[in-house]
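Undergrad: can't give you the sequence, but here's the structure:
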Ligand code: NI
C-alpha cells in the first residue's frame, strides 16, 4: 500500500471502521445536511451552488467540519484519532490533522468536482488527504477519479493538462473504505446521476512539525 501511494499518488485502505462507527458518522452527517436542506441554515462553512434556472441551492461541502458540534467527526480530527496512524504510516512520521470537511453529493443534483490539485506548494509524499466513505461510491453517484503518478508532475502543471494526458482511473469504493491521496495529485469527481447519496469525510494530514505554506 505504501509503495502504491508513493508511485500512483493514491491508495485504498479497505474497511478500517466498524459498522457502529460508520453509523455514528452517518447520523452526524445527516443532521448537518438536514440543517441546510430542511432548516434553512446557512453559514460560510456550508458551501453550495444554485443551478441555472432554479432557485434551489445545492449543498456540496461543509467546511471546518470539526467545529460543527459533531463528536464522532471531531474525534477523527483530534490527535490520537483512528486515521492518524494510517496517515503516519504513509507519511513516515508523526502527523497532525490540518483540515476537515464533509463532501456531499446529493442524489440527482450534485455537480461534478472539476479537475484540480489540492496543493502543489509542498513536495510529493509530504501532505495527504484521507477520505472516509460513508456510502458506496461508483461512476453513477460521483466516485473519485485520479491521474496516477501526477503528484510527481511539476508544481505549475495544471490538473486539466494532466487529465488530458491521462490515464484517468475511476476509483469505486465501498462504504467504510478510506481513500488516501497525495495533495499534489490531479483528481476530480463525477456528477451524481443516481438516486443514491454519496457522503465522504475528508481530512488533510501534514507532518506534525511542518508549518503549511
Ligand atoms: Ni481535492
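TA: Okay, I see it. No experiment lies behind these values; they were computed from the predicted model shown.
Undergrad: which residues touch residue 125?
TA: 5-6, 90-91, 151, 182 (CB atoms under 8 Å, 6 or more residues apart in numbering). The C-beta positions use only the backbone N, C-alpha and C, and glycine is treated the same way.
Undergrad: again, 10 Å this time
TA: By CB atoms under 10 Å, 6 or more residues apart in numbering, residue 125 lies in contact with 2, 5-6, 9, 90-92, 151-152, 182, 184.
Undergrad: which one among those gets closest to residue 55?
TA: Here the nearest of the contacts of residue 125 to residue 55, counting by CB to CB, is residue 184; it sits at 38.2 Å.
Undergrad: could you redo the contacts of residue 125 as a markdown table and give each row secondary structure and distance to residue 101?
TA: As requested, the contacts of residue 125 are exported to a markdown table (DSSP: H, G, I helix; E, B strand; the rest coil; distance: CB to CB, whole Å):
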| residue | secondary structure | distance to residue 101 |
| --- | --- | --- |
| 2 | helix | 25 |
| 5 | helix | 21 |
| 6 | helix | 25 |
| 9 | coil | 20 |
| 90 | helix | 20 |
| 91 | helix | 20 |
| 92 | coil | 25 |
| 151 | helix | 20 |
| 152 | helix | 25 |
| 182 | strand | 18 |
| 184 | coil | 18 |
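Undergrad: Quick one, which of these are buried?
TA: Buried subset of those (neighbour count, 16 or more other CB atoms under 10 Å): 5-6, 9, 90-91, 151-152, 182, 184.
Undergrad: Now do whichever strand or helix holds residue 206: distance to the chain's middle.
TA: In this structure, residue 206 is located in strand 198-207 according to DSSP states H and E. Strand 198-207 sits 5 Å away from the centroid of its parent chain (CA atoms, centre = their mean, to the nearest Å).
Undergrad: Tell me the helices and strands packed up against that strand.
TA: helix 19-37, helix 71-77, helix 84-91, strand 95-105, strand 128-133, strand 178-182 (3 or more CB pairs under 10 Å, 6 or more residues apart in numbering; DSSP states H and E).
Undergrad: and residue 57, which of those is closest to it?
TA: Taking those one by one with CB to CB, helix 19-37 is closest: 8.0 Å.
Undergrad: List the contacts of that closest one.
TA: Residues contacting helix 19-37 (CB under 10 Å, 6+ apart): 15, 17-18, 41-43, 45-46, 48, 56-59, 62, 65, 68-76, 82, 102-104, 106, 132-135, 175-176, 197, 199-201.
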